[in-house]
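[1] sharing a sequence plus its predicted fold:
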Amino acid sequence: MHKNTICLWFDKDAEDAARFYAATFPDSRVTAVHRAPADYPSGKAGDVLTVEFAVAGIPCLGLNGGPAFPQTAAFSFQIATDDQEETDRYWNAIVGNGGAENACGWCQDRWGVSWQITPRVLTDAMAAGGDKARRAFDAMMQMGKIDVAAIEAAIRG
């Protein structure tokens, strides 16, 4: 077990979510599925309790804990992309699999987990500061999925 692991609470679909992430993002995989050894108040022996997986190299644990604590945008994965093709691929995979579009490069998967699909050109512009950052920020504020060409045009002024 890793020293630090992100634990994501799911209603009952931790394994489905983990397998989707493993199929969608590089350096992602499901490493273990743990099942209940006996019946319990909200489930039966053999039900999936936890799933160990990694998303883009980050170790995670999916916990099927029931509906008490739904996902919120207070937690998100940020995936850095190198170009529009990669941005589109991840965005479309999440939104096209029952997810939802949000603003400024954010989307939400069908399990409620939030994702920031963020082209490096945007984060580089923000890190540069000054007018480049302001123009990139202003352009981003008008977007759902990030448009790389529009960010590059905004950076140029």
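    Cool, got the structure. In this text, all values refer to a predicted model and were calculated from it rather than measured experimentally.

[2] please count neighbours and contacts with C-alpha atoms only from this point.
    Fine.

[3] domains for this protein, by residue range?
    1-69, 71-157 (automatic domain parsing).

[4] start to end distance for the longest one?
    Put plainly, it is domain 71-157. 38 Å (C-alpha to C-alpha, to the nearest Å).

[5] do stretch 102-114 as well
    9 Å.

[6] any idea which helix is longest in the protein?
    helix 84-96 (DSSP state H).

[7] got the buried residues for it?
    Under the neighbour-count criterion of 16 or more other C-alpha atoms under 10 Å, helix 84-96 has Thr87, Asp88, Tyr90, Trp91, Asn92, Ala93, Ile94, Val95 buried.

[8] follow-up on the earlier one: save the domains of the chain as CSV, and put in mean pLDDT too.
    Formatted as CSV, the domains of the chain follow (pLDDT from 0 to 100):
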stretch, mean pLDDT
domain 1-69, 95
domain 71-157, 98
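
[9] so which of the buried residues of helix 84-96 is the closest to Leu63?
    Taking C-alpha to C-alpha as the measure, Leu63 sits nearest to Ile94 out of the buried residues of helix 84-96, at 20.3 Å.

[10] which residues sit in contact with that closest one?
    Ile94 makes contacts with Ala100, Cys107, Gln108, Asp109, Arg110, as judged by C-alpha atoms under 8 Å, 6 or more residues apart in numbering.

[11] just the buried residues of the residues you listed.
    Of those, these count as buried by 16+ other C-alpha under 10 Å: Ala100, Cys107, Gln108, Asp109.

[12] so which of these belong to strands?
    The strands, defined by DSSP state E, take in Ala100, Cys107, Gln108 from the buried ones among the contacts of Ile94.

[13] that older thread, and of the contacts of Ile94, the nearest to Phe75?
    Closest to Phe75, out of all of these and judged by C-alpha to C-alpha, is Gln108, at 10.8 Å.

[14] which SS class is the one residue sitting closest to the centre of the chain?
    For the chain, the residue sitting closest to the mean C-alpha position, by C-alpha atoms, centre = their mean, is Trp115 at 3.4 Å. Classification of Trp115 using DSSP: H, G, I helix; E, B strand; the rest coil returns strand.

[15] wait, a strand at Leu122?
    No - assessed with three-state DSSP, Leu122 is helix; it does not lie in a strand.

[16] offset the numbering so it begins at 12, please.
    Sure thing, new numbering starts at 12, so read that last one as Leu133.

[17] residues contacting it?
    Taking C-alpha under 8 Å, 6+ apart, we find Leu133 in contact with Ala147, Val159, Ile162.
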